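**Q** Sequence first, predicted coordinates after that:
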Amino acid sequence: MRRVLRPSGRLVFAEHGRAPEERVYRWQDRLTPVWRRISGGCHLNRPIGAMIEDSGFRMERLEMGYIPGPKIMNFTYEGSALPR
């Protein structure tokens, strides 16, 4: 995204990913191989905030939490980031 974003641009994202609770993320790790196959390559256990920062962005705003539904699939990351 950083490559195609204007220098003054902002990355706005909403994604589900790795939960902070050990009990939940262990299940996410177990289920991801099967889930990827039945959901078009989707990963339940990706640490979205860290991935965005490791890709050359700095967080401007990050909100995390569960949305209604099974905890294993519904920990969400929502926010915005700026290129470094």
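**A** Received it, and whenever you're ready, just let me know what you need.
**Q** what sits against the residue nearest the centre of the chain?
**A** The residue lying closest to the centre of the chain (C-alpha atoms, centre = their mean) is residue 48, at 2.9 Å. Going by C-beta atoms under 8 Å, 6 or more residues apart in numbering, residue 48 touches 13, 15, 16, 17, 18, 77. From N, CA and C alone the C-beta is placed, and that goes for glycine too.
**Q** repeat that for 7 Å
**A** Shown in contact with residue 48 (C-beta atoms under 7 Å, 6 or more residues apart in numbering): 15, 17, 77.
**Q** what does residue 75 give?
**A** Contacts for residue 75 (C-beta under 7 Å, 6+ apart) come out as 16, 17, 18, 19, 66.
**Q** Can you say which of those are buried?
**A** Listed as buried from the contacts of residue 75 are 16, 17, 18, 19; burial here means 16 or more other C-beta atoms under 10 Å.
**Q** Wait, the third one touches residue 45, no?
**A** Think residue 18. Yes: using C-beta atoms under 7 Å, residue 18 is in contact with residue 45, at 4.9 Å.
**Q** Fine, thanks again, bye for now.
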